[in-house]
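**Student:** Next comes the sequence, and after it the predicted model I'd like to discuss.
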Amino acid sequence: GQQLNQSPQSMFIQEGEDVSMNCTSSSIFNTWLWYKQDPGEGPVLLIALYKAGELTSNGRLTAQFGITRKDSFLNISASIPSDVGIYFCAGRKTSGSRLTFGEGTQLTVNP
Amino acid sequence: GAVVSQHPSWVICKSGTSVKIECRSLDFQATTMFWYRQFPKQSLMLMATSNEGSKATYEQGVEKDKFLINHASLTLSTLTVTSAHPEDSSFYICSATKGDEQYFGPGTRLTVT
């Protein structure tokens, strides 16, 4: 099925650095979501975005819903070792409909 | 809260046998649950949408007779992998819808030998 284009695929950073990742799509989504998945676990919702242009923060995480509704980015500031994991973006076209996932960004944080 | 559990968390079975995986919404009712499969280093791929009291809707390429889904109550959906083969080995994850959001279970690691 369709997937979102998520980049970068992987990132290796030093503790304390900021991180940015993004997702793009050829079609419009009305909701953008960002999840984090730890090894052997299910994804955990980090941030949900419902309006084009919306900028939402959750602690050190900030995400934006692109004004074209075809993209979103996630920033993590002052990274710490527990930020390690795979980050997925997901888009949804209508309320209650299926999610379309990005390929994921593997984040490694070196202490 | 919105807690989703899965049971078992991991299972090993022999080729040709069937395995049932349960997905429960613990503190909310979910009319819709989703079943995903995830292979190593890949994203989640939707297998089917499970609606309480009705037949599941399967994604293209997913065999409905092989992956039996039952959503008999507002808090429980089950996925049965019938006549499992080694290629069915994967990480199976369910999610349950609460309001506008999907909340994911912890996943079930299936290994078919």
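**Tutor:** Yes, it's here.

**Student:** Which single residue of chain B ends up nearest chain A?
**Tutor:** Proximity to chain A, evaluated over chain B using C-beta to the nearest C-beta, is greatest for residue B:104 at 3.7 Å. For glycine as for every other residue, the C-beta is placed from the backbone atoms N, C-alpha and C.

**Student:** you'd agree residue A:38 is up against residue A:83?
**Tutor:** No: in this structure, residue A:38 is not within contact of residue A:83 by C-beta atoms under 8 Å, at 10.6 Å.

**Student:** higher neighbour count, these two?
**Tutor:** residue A:83 (18 against 13; other C-beta atoms under 10 Å in any protein chain shown).

**Student:** Enumerate every residue touching the more buried one.
**Tutor:** Neighbour list for residue A:83: A:19, A:76, A:107, A:109 [criterion: C-beta atoms under 8 Å, 6 or more residues apart in numbering or on different chains].

**Student:** phi, psi of it?
**Tutor:** Dihedral pair for residue A:83: phi -80, psi -10, per degrees, to the nearest 10.

**Student:** any idea how far the residue of chain B closest to chain A lies from residue A:36?
**Tutor:** 11 Å (C-beta to C-beta, to the nearest Å).

**Student:** Between the two, which contacts overlap?
**Tutor:** Joint contacts of residue B:104 and residue A:36 (C-beta under 8 Å, 6+ apart) are A:43, A:44.

**Student:** Quick one: residues in contact with the longest strand anywhere in chain B.
**Tutor:** Ranked by residue count, the top strand of chain B under DSSP state E comes out as strand B:90-98. Residues outside strand B:90-98 that contact it (C-beta under 8 Å, 6+ apart): A:40, A:42-43, A:96, B:2, B:4, B:6, B:21, B:23, B:25, B:28, B:30-39, B:44, B:77, B:79, B:102-110.

**Student:** Okay, now the unreliable bits of chain A?
**Tutor:** Along chain A, the parts satisfying pLDDT under 70 run over A:1-2.

**Student:** ok, 90 please
**Tutor:** A:1-3, A:94-98, A:111 (pLDDT under 90).

**Student:** Where do the strands of it begin and end?
**Tutor:** A:5-7, A:10-14, A:19-24, A:31-37, A:44-49, A:55-58, A:61-65, A:71-76, A:85-92, A:99-101, A:105-110.

**Student:** Select, out of the ones you listed, the one closest to chain B.
**Tutor:** Evaluated over the strands of chain A, closeness to chain B peaks at strand A:99-101, with 4.7 Å, by C-beta to the nearest C-beta.

**Student:** Give me the contact list for that closest one.
**Tutor:** For strand A:99-101, the surrounding residues in contact (C-beta under 8 Å, 6+ apart) are A:1-4, A:25, A:29, A:33, A:88-92, B:34, B:43-44, B:46, B:102.

**Student:** Partner strands of that strand and their direction?
**Tutor:** Sheet partners assigned to strand A:99-101 using DSSP bridges are listed as strand A:85-92 (antiparallel).

**Student:** returning to what we had before: out of the contacts of strand A:99-101, which are buried?
**Tutor:** Buried by 16 or more other C-beta atoms under 10 Å in any protein chain shown: A:3-4, A:25, A:29, A:33, A:88-92, B:34, B:43-44, B:46, B:102, out of those.
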